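S.K.: Let me see the structure of the following:
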Amino acid sequence: MQNFFLVVGLILIANAFVCLFRAIVGPTLPDRIVAINIVGTKTLVVLVLVAYIFGQHMYIDTAFVYALLNFIVTVAVSRYLEIGGLPSA
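M.R.: Residues are numbered from 1 along each chain as shown. Model (predicted):
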């Protein structure tokens with residue numbers, strides 16, 4: 001079973017590199033933001049798979065923190081692009 005999860009993790013990492021290529025070449029800025037968000041999500045899934053394969057629960061806590069940071073950064077960058085600057089108080 002661990003070999004299956006290892007193969008899935010490797011496929012996800014390869015797919016993340018394809019998304020990273022899209023983030024570099026992307027036609028528009030929102031496409032690039034979505035691609036970076038997808039790379040972050042795939043990294044989160046790989047962290048959870050590593051936690052399961054090696055039995056280290058610390059990686060799951062790290063994955064939770066990474067997920068929260070990924071969400072906050074995506075919302076902040078999208079908001080910044082929508083209004084064209086930092087919001088005034």
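S.K.: and I53, how many neighbours does it have?
M.R.: Residues near I53, counting by other CB atoms under 10 Å, number 15. Bear in mind the C-beta positions are built from the backbone N, C-alpha and C, glycine included.
S.K.: before we move on, what about the one 3 residues further on?
M.R.: Residues near Q56, counting by other CB under 10 Å, number 12.
S.K.: try A51
M.R.: A51 has 17 neighbours, counted by other CB under 10 Å.
S.K.: Using just helix, strand and coil, how would you label it?
M.R.: Look at A51: counting by DSSP: H, G, I helix; E, B strand; the rest coil, its state is helix.
S.K.: what's the closest non-adjacent residue to it?
M.R.: Nearest residue to A51 in three dimensions, chain neighbours excluded: Y59, at 3.5 Å (CB to CB, 6 or more residues apart in numbering).
S.K.: ok, now how distant is the one you found from L29?
M.R.: Distance of Y59 to L29, computed by CB to CB, to the nearest Å: 32 Å.
S.K.: what's in contact with stretch 50-67?
M.R.: Here stretch 50-67 makes contact (CB atoms under 8 Å, 6 or more residues apart in numbering) with Q2, F5, L6, G9, G40, T41, T43, L44, L47, V48.
S.K.: Give me the distance between the two termini of that stretch.
M.R.: End-to-end distance of stretch 50-67 (CA to CA, to the nearest Å): 15 Å.
S.K.: can you pull the buried residues of that stretch?
M.R.: For stretch 50-67, the neighbour count (16 or more other CB atoms under 10 Å) marks V50, A51, Y52, Y59, T62, A63, Y66, A67 as buried.
S.K.: and it, how far from the chain's centre?
M.R.: For stretch 50-67, the separation from the chain centroid amounts to 14 Å (computed by CA atoms, centre = their mean, to the nearest Å).
S.K.: Equivalent analysis for stretch 64-84, please.
M.R.: Chain-centre distance of stretch 64-84: 12 Å, with CA atoms, centre = their mean.
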